[in-house]
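Colleague: Just to be clear, the model below is a prediction. Sequence and coordinates:
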Amino acid sequence: MSPEIGLFILSDGMGGQTSGEVASRLATDSILTHWREAESSPSLPLIGQPLGGLSESSNRLASAIRFANLEILAAARKNPEWHGMGATVVAVKLAGERMSLAHVGDSRAYRFRSSNLEQLTQDHSFVREQVRRGILTQEQADQSNLRNVLMRALGVEAEVEVDVEEELLLEGDTILLCSDGLSRELSGAQIAAVLKNADDAQTTADRLVDLANQAGGEDNITVILLRRAAKPARGLTRIGRWFKR
Ligand code: CA
């Protein structure tokens, strides 16, 4: 996580505790590495095809995620004990009030604006796809034994499709990035209730994690909270503190 360059990355590992941690660490490190390389040499080629209609920043973010995918694959190939590891990712790059948002897998981004919580990302999961096609109801999907099955993740294939979008942040907006450890245990209404009474980001993140743990959360939980201050200091957009557990 690099608040100084406005880059926030959340990755959740898969494939056993140790290798899952390796994969998620590799994901965040590689994204940051690619980003920094591009900053010092702007002509650094993009990995993968540029996505039409998106800013340079968004395309660079997608490129960084594709780079992370390759790095995880390469590491797993070299180390048999890491075979089968993978990771999800949800990443935000801020440039003033503009936000690039990219994700692969079932880690999510939510936006809380004017007391409304909106999920900005769609899970790349098998059950989400079944819901989209009308084969399962949301309730059935939530109960399904297959809800862990992802359609996309980093470290699975040499090419990964990255979902990228751009959003404008308004004053007072809160962006929540979280792993499925949180979104599985708490409903949108529960998350919204916590964000509505939010004071500082740290306390708010603590409250979300505590609630998810009380709800029986067995998975590890990662949360990043960003808030665009209601009154920017000296004309600058200030994003609130972040927190990660
Ligand atoms: Ca998880």
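Modeller: Right, received. Where do you want to start? Numbering: from 1, shown residues only.
Colleague: element containing the spatially most central residue of the chain, please.
Modeller: Closest residue to the average C-alpha location of the chain: Val90 at 1.8 Å, with Cα atoms, centre = their mean. Using DSSP states H and E, the element containing Val90 is strand 89-95.
Colleague: contact partners of the very next helix or strand once past that strand?
Modeller: With elements assigned by DSSP H and E, the helix or strand that comes after strand 89-95 is strand 98-104. Strand 98-104 has contacts (Cβ atoms under 8 Å, 6 or more residues apart in numbering) with 54-55, 57-58, 61-62, 65, 69, 88-93, 109, 120-121, 124, 152-154, 160-169, 175. C-beta coordinates here come from the backbone N, C-alpha and C atoms, glycine included.
Colleague: Equivalent analysis for stretch 73-82, please.
Modeller: 15, 18-19, 22-23, 26, 83-85, 155-158.
Colleague: partner strands of the strand holding Val90, parallel or antiparallel?
Modeller: Partners of strand 89-95 in the sheet, by DSSP bridges, are strand 7-10 (antiparallel), strand 98-104 (antiparallel).
Colleague: May I have the residues that are in contact with the closest residue to Ser2 other than its chain neighbours?
Modeller: Leaving out its chain neighbours, the residue that sits closest to Ser2 by Cβ to Cβ, 6 or more residues apart in numbering is Leu32, at 6.2 Å. Shown in contact with Leu32 (Cβ under 8 Å, 6+ apart): 2, 7, 9, 64.
Colleague: One more pass at 10 Å, please.
Modeller: 1-2, 5, 7, 9, 64, 68, 91 (Cβ atoms under 10 Å, 6 or more residues apart in numbering).
Colleague: closest to Val209 among the residues you listed?
Modeller: Closest approach to Val209 among these (Cβ to Cβ): Met1, at 16.2 Å.
Colleague: Find me the pLDDT at the closest one, would you?
Modeller: If you check Met1, the pLDDT there is 64.
Colleague: now do Phe243
Modeller: Residue-level confidence at Phe243 comes out at 43, pLDDT.
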